[in-house]
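Chemist: heads up, no residue letters with this:
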Ligand SMILES: [Zn+2]
């Protein structure tokens with residue numbers, strides 16, 4: 001029994017490490033953007049789940065009244081055109097995984113847009129201040 005428990009525990013620990021690696025909340029680019037938005041006097045919900053006709057989505061930052069959803073996308077996980085890299089180990093696994101991430105992003109965008117939301121995607125490499133300016137202009141637009 002003990003042997004089996006050990007064997008079962010290893011993959012679980014591995015999984016939670018993987019989950020931590022892909023955790024979307026409170027990454028540094030997100031924290032920096034939220035600070036920049038706060039500095040401009042903007043108030044929002046973070047990691048707010050939206051139940052929309054097309055499905056459930058959980059944007060990183062949500063302006064509920066203005067129906068504006070913001071995602072902060074990591075350059076690696078979301079395949080930024082400037083900084084995407086392809087790991088050499090397990091290349092096929094990573095290619096599939098990253099392609100699925102991009103597909104999911106586009107699906108989430110369409111769920112939001114079809115429900116009347118606006119979507120802003122901010123890359124990890126973007127200046128948080130410039131992104132905050134971009135977002136505040138969209139919030140001011142009628
Ligand atoms: Zn990038």
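Modeler: That came through fine. Since this is a predicted model, take the numbers as computed values, not measurements.

Chemist: mind checking how far the longest helix seen in the chain is from the chain centre?
Modeler: In the chain, taking DSSP state H as the definition, the longest helix is helix 91-114. Put simply, helix 91-114 sits 11 Å off its chain's centre (Cα atoms, centre = their mean, to the nearest Å).

Chemist: avg pLDDT for that helix?
Modeler: For helix 91-114, the mean per-residue pLDDT is 97.

Chemist: what's that helix in contact with?
Modeler: Contact with helix 91-114 is made by 50, 52-55, 57, 59, 69, 71, 73, 76-79, 84, 86-87, 118-119, 121, as judged by Cβ atoms under 8 Å, 6 or more residues apart in numbering. Where you see a C-beta, it was placed from the backbone N, CA and C, and this is true even at glycine.

Chemist: one more time with 10 Å
Modeler: With contacts defined as Cβ atoms under 10 Å, 6 or more residues apart in numbering, helix 91-114 is touched by 22, 50, 52-59, 67-69, 71, 73-74, 76-79, 84-88, 90, 117-119, 121.

Chemist: the ion contacts on this structure?
Modeler: 75, 80, 82, 83, 123, 125 (Cβ under 5 Å from the ion).

Chemist: residue ranges in the chain under the pLDDT threshold?
Modeler: Within the chain, the set of residues satisfying pLDDT under 70 comprises 1-25.
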